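K.L.:
Here you go, sequence then predicted model.
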Amino acid sequence: MGKIFVLMWLIVLALPVQANWLNDINRKVRSLAPEDAQIAKPPSALELADYPPQYQYERVMAPSHDTPLFVLQAGLEHLDTVVLIHGLGDLASKDWLKVIPALAARYHVVAIDLPGFGLSQGAVFTYSPKEYAKVIEWVIGQYRHSGQVRLVGHSMGAAISLYYASQYPGHIEQLVLVDAAGILDRTAYIKHLSTRDNDQADLPQGIRRVLARVDNFADKMLEKTGTGFDPTRLFSADSSLRNMTIGEQTNMNAALALMEQNFSVLSYSQLPSTHIIWGAQDTVAPLRTAYALQHVLPLSHLHVINDAGHVPMKTHTQVFNSLLLASLQASSTLRPLRTTNLSQRVGRCFQDDQTHFSGQYQQIILNDCKLVRFDNVDTQQLTMNDSILHIVKSRIGKMGQNIAVTRSVITATDTDIVGRMKSDRSRFDFAGVTFYGESPVFVSQASTRLVLSLTRIITPTQSTRLGGSYVLAEQSLESAL
């Protein structure tokens, strides 16, 4: 029986989408049941048992998807409105219960259960940032007291809030993103889940070099999957297939839809002042995501809670609430420009005899180094051979010059690359990276793999936003777009 089921499932997947017979079956099944008018029943006392009695609660029909929507309001006497968007999980708006009292003392607070979560069970649709943005737009229009609102999102809710703000930038006065999930390219994220921390002083350098090689091999295998067949994309091809199989499994539906959204190609140039709050020990949404977001958001400020994880408003409530209230009042400014690099210093590494670099250099040369890290480095030239390099908050290169990378691996975050990068049998994982120069800015001379998140190319004639996994032979990155 199991083999028959698998065979039937393979046949279903092999059928062309144009036939769309699943849609026909779905419509016929629905037509057999009487169509009752959709109404939103008031939340019961049992449903509200975990909520404080002093707040206002209602369940209304959200016209964007004709689905019940649970809405909590507090601080109704205040003029300025703060809207809270929760992440994945069964608790939904309950995740904010330790935050709402602090906010309600100063603001009108609106917290919702997104459709499919908590007390907003109802219609089944693709729970994507795009669809949820329509719900948020209706909520803001319906419940705000005046003017623009302050939008706060956590985890998946932060990703949804970011998407909404990119589509409706004029509707938001202040944006706060808390441990945003789903922003990095899926391959970059999977690599993060499988990576260990080898930068430990208590491990001998020889052991750390071996572990770095092991992790590098594992990353190479994972990167290959990023450009191969992805079965989750089957659910993107047909909405009826998704709804009939996982539609009512809310967390899976929403998680898959979040993975399908390419946040790298959105425009962030018009976004309002944004504050990013992150738990440094977050294993769900890595801190690297925060640095990458800070790179592309023009007016942003990052607050890191050192010993917090993915849900800082629950584990570090007092610290979180203080940061949130300060963020809602403060504006963000553009990051200062880097000073002119006139350094004549030359940095060298051979077999990890120097592994950490910071400050300004005229040139850095890496040869057979597996443990190298750049922190706030500004170098005019970089030459790499048989090395593994992690770069954070740096500027690499110079206009009119080449950066040579041979049989090496670079992971870069919140970094500017200037001039032209030439790759020979190398691999790159870029998150929050901007290329500046004359096109082409990146040239593969042989066998190059790239994983890109929130990456940009800026030349005198174009500005391109890109993300995803790429395999290059002898060609430029621009030619592969």
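P.N.:
Arrived safely.
K.L.:
C-alpha only now, for contacts and for neighbours.
P.N.:
OK.
K.L.:
I figured Val152 hits Thr81, correct?
P.N.:
No. Taking C-alpha atoms under 8 Å as the definition, Val152 is not a contact partner of Thr81, at 10.9 Å.
K.L.:
Name whatever forms a beta bridge with Gly279.
P.N.:
Per DSSP bridges, the residues bridged to Gly279 are Ile305.
K.L.:
list the contacts for it?
P.N.:
Gly279 makes contact with Asp179, Leu287, Val304, Ile305, Asn306, Asp307, Ala308, Gly309, His310, Val311, Pro312, according to C-alpha atoms under 8 Å, 6 or more residues apart in numbering.
K.L.:
So which of these sit within strands?
P.N.:
Here DSSP state E is the test, and these give Val304, Ile305 as lying in strands.
K.L.:
Let me have the contacts of Gly279 in JSON lines, adding neighbour count and distance to Val139 as columns.
P.N.:
Output for those, formatted as JSON lines (neighbours: other C-alpha atoms under 10 Å; distance: C-alpha to C-alpha, whole Å):
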{"residue": "Asp179", "neighbour count": "31", "distance to Val139": "23"}
{"residue": "Leu287", "neighbour count": "20", "distance to Val139": "30"}
{"residue": "Val304", "neighbour count": "17", "distance to Val139": "30"}
{"residue": "Ile305", "neighbour count": "17", "distance to Val139": "30"}
{"residue": "Asn306", "neighbour count": "11", "distance to Val139": "34"}
{"residue": "Asp307", "neighbour count": "12", "distance to Val139": "34"}
{"residue": "Ala308", "neighbour count": "18", "distance to Val139": "31"}
{"residue": "Gly309", "neighbour count": "22", "distance to Val139": "29"}
{"residue": "His310", "neighbour count": "23", "distance to Val139": "26"}
{"residue": "Val311", "neighbour count": "20", "distance to Val139": "24"}
{"residue": "Pro312", "neighbour count": "24", "distance to Val139": "26"}
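K.L.:
I'd like the contacts of Gly279 as TSV, with distance to Leu323 appended.
P.N.:
Formatted as TSV, those follow (distance: C-alpha to C-alpha, whole Å):
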residue	distance to Leu323
Asp179	14
Leu287	17
Val304	10
Ile305	9
Asn306	13
Asp307	15
Ala308	13
Gly309	15
His310	16
Val311	14
Pro312	11
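K.L.:
Mark which of the contacts of Gly279 are part of helices, please.
P.N.:
Among the contacts of Gly279, DSSP state H puts Leu287, Pro312 in helices.
K.L.:
looking at it, Gly87 is touching His154, isn't it?
P.N.:
Yes. Applying C-alpha under 8 Å as the test, Gly87 and His154 come out as touching, 5.5 Å apart.
K.L.:
tell me what the longest strand seen in the chain is packed against?
P.N.:
What stands out as the longest strand in the chain, according to DSSP E, is strand 388-406. When contacts are defined as 3 or more C-alpha pairs under 8 Å, 6 or more residues apart in numbering; DSSP states H and E, strand 388-406 packs onto strand 372-379, strand 382-385, strand 409-424.
K.L.:
could you pull out the strands for the stretch 51-200 of the chain?
P.N.:
56-62, 67-74, 81-85, 108-113, 149-154, 172-178 (DSSP state E, counting those that start in this stretch).
K.L.:
Point out the most buried one among these.
P.N.:
Ranked by mean neighbour count, these are led by strand 81-85 with a mean of 26 (mean count of other C-alpha atoms under 10 Å).
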